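Engineer: sequence first, predicted coordinates after that:
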Amino acid sequence: MDYSVEQKFLNCLREIREHYKLNDIEELEIVNMELVQLTERCKQELEKLVYLQGLIFTQCQLKSLDNLPFVDSLNRIYFDHNQLSGKELGKLSKYPNLIAVSVIDNKFESIEDIKQLALCPHLCQINLYKNPVSDQPKLRNELFECIPTLIFLDNIPKNGDEIGLNAAIKISKPMT
């Protein structure tokens, strides 16, 4: 990551912390910041958000999930419209409470790439639209077989009945 981008990111986090108490921040959304990969410093700052439940990086050109912060309360991760591919999803297994992952419009090509999410014991929702792997006919069956906790794939439940855009769905798991 370019030093100026890192500084911009760190400044953004500082501003947020100036306006909100750390324990009030449950979701963080970063949009259109050319990160490519988080630095160790960024990771350390994010780990101060100990009550963080949702982490969203949209259009940040992420290619790597190295240096993701470990926050035990994190249960939703959205990395839509980035450049992620290959074995990056395996790095999400460190989140014991993860229930939802969205990687819409990335570069995942194989079902094996996505099967790494089976290491997340409570995962029940995955969104994969606009990835090369999305076109594979066996994807749906293989993921539901491989990830027994999975309920929704691309917002379609295991039974195949598509959920309308106006339907409100909340998936939650009590924190232990």
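Structural biologist: That came in fine, so what should we check first?

Engineer: which stretches of the protein form helices?
Structural biologist: With DSSP state H as the criterion, the chain has helices at 3-19, 40-46, 111-115, 139-146.

Engineer: name the stretch among the ones you listed that sits most buried.
Structural biologist: helix 111-115 (a mean of 19; mean count of other Cβ atoms under 10 Å). (Glycine included, C-beta is placed from N, CA and C.)

Engineer: now for that helix, which elements pack on it?
Structural biologist: With contacts defined as 3 or more Cβ pairs under 8 Å, 6 or more residues apart in numbering; DSSP states H and E, helix 111-115 has these neighbours: helix 139-146.

Engineer: could you give the average pLDDT over the helix it packs on?
Structural biologist: For helix 139-146, mean pLDDT is 97.

Engineer: just the CA atoms of that helix, as CSV, please.
Structural biologist: Once non-C-alpha atoms are left out, helix 139-146 reads as follows in CSV (Å, rounded to 0.1, in the frame of the first residue of the first chain):
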residue,chain,number,x,y,z
LEU,A,139,-21.1,-24.7,-7.4
ARG,A,140,-24.4,-24.6,-5.5
ASN,A,141,-24.6,-28.3,-4.7
GLU,A,142,-21.0,-28.6,-3.8
LEU,A,143,-21.0,-25.6,-1.4
PHE,A,144,-24.2,-26.7,0.4
GLU,A,145,-22.6,-30.2,0.8
CYS,A,146,-19.2,-28.9,1.9
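
Engineer: contact partners of that helix?
Structural biologist: 111, 114, 115, 118, 126, 128, 133, 150, 153, 158 (Cβ atoms under 8 Å, 6 or more residues apart in numbering).

Engineer: could you identify the most distant pair in the residues you listed?
Structural biologist: Using Cβ to Cβ, those span at most 18.3 Å, a distance reached by 133 and 158.

Engineer: between those two, which one's more packed in?
Structural biologist: Taking other Cβ atoms under 10 Å, residue 133 and residue 158 do not tie; residue 133 has more neighbours (19 against 13).

Engineer: now the more buried one. Nearest residue, chain neighbours left out?
Structural biologist: Sequence neighbours aside, residue 108 is the residue nearest to residue 133 in space, at 4.8 Å (criterion: Cβ to Cβ, 6 or more residues apart in numbering).
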